[in-house]
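Participant: Give me a 3D structure for the following:
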Amino acid sequence: MSVEYLEKQLGANERILYVQRHHWFFFVSRLIFWILAAVGIFVLLILTQTRWREGESWVWWGYLLLLVPLARIGWGYLSWRVNAFALTNRRVVELTGIIRKTVSDSSLEKLTDIVLSQSLFGRLLGYGDIKVLTASEFGVNKLSKIARPLAFKKAMMDAKEALEREFTGGG
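Facilitator: Got it, this is the predicted structure:
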């Protein structure tokens, strides 16, 4: 979804090299309350269904109440799917938003340093934070809880090197 949105904004000779999202654990951990609420309501409805008599409308309210956590989980999943970090041969891009889109980018030619941080848990599950340091104050600064951060960092370094070779006329 986000890739198609980014493709509409690419420059004439620009192409997408790498796309990554937040790690799945980030999605699940932010929605754990809603997942537990949905399971709890569902179990409660199953247990009370055997005692439910004709005309007891509170059970229908329970089914209606179940829609709240299910809708929140659905919205969270959609948000996780459309929010992405992308690398083109010219820039690092962060795409956010489902209805209202925001695109932040930093030019690879202004990239000065890349800092990768991974906790022990992040190393075990395969996620981390990448801090992009540029000569500018604006643009993408931190790619939080990104899946496969080592691969993204390597792709960034390779893209920057290729861009520098292109500008200097080498290779």
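Participant: Isn't Trp34 up against Pro69?
Facilitator: Yes: with contact defined as CB atoms under 8 Å, Trp34 reaches Pro69; the gap is 4.3 Å. No exception for glycine: its C-beta is placed from N, CA and C like everyone else's.
Participant: Against Gln20, how distant is Lys160?
Facilitator: Note on Lys160: its distance to Gln20, by CB to CB, to the nearest Å, is 17 Å.
Participant: Next: Leu70.
Facilitator: The value you get for Leu70 to Gln20, if CB to CB is used, is 27 Å.
Participant: How about Leu108?
Facilitator: 16 Å.
Participant: In terms of packing, which of these two has more residues around it?
Facilitator: Leu108 (22 against 19; other CB atoms under 10 Å).
Participant: from what I can see that one touches Met156, true?
Facilitator: Yes: shown here, Leu108 and Met156 form a contact pair, counting by CB under 8 Å, at 7.5 Å.
Participant: Need the residues touching each of the two.
Facilitator: Counting by CB atoms under 8 Å, 6 or more residues apart in numbering, the common neighbours of Leu108 and Met156 are Val92.
Participant: all helices for the protein, in order.
Facilitator: Secondary structure of the chain (DSSP state H): helices at 2-7, 24-49, 58-82, 120-125, 149-168.
Participant: pLDDT weak spots in this protein?
Facilitator: For the chain, applying pLDDT under 70 flags the ranges 1-2, 49-59, 137-140, 170-171.
Participant: domains of it?
Facilitator: The record assigns the chain these domain ranges, following automatic domain parsing: 2-22+83-168, 28-78.
Participant: Buried deepest among these, which one?
Facilitator: Most buried of those, by mean neighbour count (mean count of other CB atoms under 10 Å): domain 2-22+83-168, with a mean of 16.
Participant: tell me how far it is from the chain's mean position?
Facilitator: Chain-centre distance of domain 2-22+83-168: 12 Å, with CA atoms, centre = their mean, to the nearest Å.
Participant: Kindly report the same for stretch 78-85.
Facilitator: Stretch 78-85 sits 4 Å away from the centroid of its parent chain (CA atoms, centre = their mean).
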